[in-house]
Structures are given as structure tokens and as C-alpha cells.
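Asker: sharing a model that was predicted from the sequence below.
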Amino acid sequence: MEMVQLTKEALAERVGVLERKFADLRQSMVACAALPANWRLTPKERELFLALLSYDTVTKEMAMLVLYGTEDRPDHGVAMFMSRIRAKTEPHSVKIETINRTGYRLVDRLVWTKTLKLDAVEH
């Protein structure tokens, strides 16, 4: 019985941590201006790109929180979204690097933040 209680408490703590992470990710993107319309990003792609602008590295778990609101999804969906974002933004000289087994990084993130006039997302 004691093990069940410990498990419930650990699970409740984990849920709280994930909820705070998700709220932080959402909050960091609230003040952002619109990205260029000619990039034609879908709302989910836009949210993921804004996360790339907001953080030095976006882990796969962070990306899943942005896209799905949970970490309990296959991460091939994240790779698919990143591929679509790259296809739409690379013609505009945007470079997104894959960090092996970790996540993704926007090259020249601070330059893009200033170029797109999104100073509110600087960390």
C-alpha cells in the first residue's frame, strides 16, 4: 500500500512539472508578433518555430508539449513537423540544426529574433 501511495505522489509531481513546462512554453510565445506570411506556416508549425526562437535548444519533449500538449506521443511526428518547417523556411536562409538524440536548434537564433522583431522572446 505504501508503494502505491508513493507512486501516486510521484506521478502527481511529474504531472505538475509537465503542466508548468507547458505553461512556460505557451507563455513565452504569447507576446510574439506574426511571422512572415509568405512562409505559410500552419498554426502548429508557427508555435514550434516560435519555440525555436525562444530557446537555445528545443528538446523533442518540449516540441511534443508544444505540438500535442503531452510528451506521450511518438517523436516521429516532431521530425515530420521539423521537416515541413525546414522546407518552408530554408528558402529564406533559415537554418535549423538537429542535435543528435536531443532536439533542435535554430542557427543564429538571436539574429532571427531581432530580424523578425520578436524581441519579447529573448531569453
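Answerer: Cool, got the structure.
Asker: and the helices in the protein?
Answerer: Using DSSP state H, the helices of the chain run over 2-30, 43-54, 60-68, 76-89, 109-115.
Asker: return the set of buried residues in the last one.
Answerer: Spelled out, that is helix 109-115. Under the neighbour-count criterion of 16 or more other C-beta atoms under 10 Å, helix 109-115 has 109, 112-113 buried. Backbone N, C-alpha and C define where each C-beta goes, glycine included.
Asker: pick the one among the residues you listed closest to Ala10.
Answerer: Nearest to Ala10 out of these is Arg109 (C-beta to C-beta; 34.7 Å).
Asker: now for the closest one: which residues touch it?
Answerer: Residues in contact with Arg109 (C-beta atoms under 8 Å, 6 or more residues apart in numbering) are 52-53, 56.
Asker: residues near Asp56, how many?
Answerer: Residues near Asp56, counting by other C-beta atoms under 10 Å, number 10.
Asker: nope, Leu52 is what I was after
Answerer: Look at Leu52: counted by other C-beta under 10 Å, it has 26 neighbours.
Asker: ok, now Val58?
Answerer: 26.
Asker: can you give me the distance of it to Val66?
Answerer: Distance, Val58 to Val66, using C-beta to C-beta, to the nearest Å: 8 Å.
Asker: identify the contacts common to those two.
Answerer: Common contacts of Val58 and Val66, defined by C-beta under 8 Å, 6+ apart, comprise 48, 51.
Asker: tell me where the chain is predicted with low confidence.
Answerer: Residues of the chain meeting the criterion pLDDT under 70: 1-6, 25-34, 118-123.
Asker: repeat the analysis, applying 50 as the threshold.
Answerer: In the predicted model of the chain, residues 1, 30-32, 120-123 satisfy pLDDT under 50.
Asker: include distance to Glu97 when you put the helices of the chain into a markdown table, please.
Answerer: Below are the helices of the chain laid out as a markdown table (distance: least, C-beta to C-beta, whole Å):
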| stretch | distance to Glu97 |
| --- | --- |
| helix 2-30 | 20 |
| helix 43-54 | 10 |
| helix 60-68 | 14 |
| helix 76-89 | 10 |
| helix 109-115 | 11 |
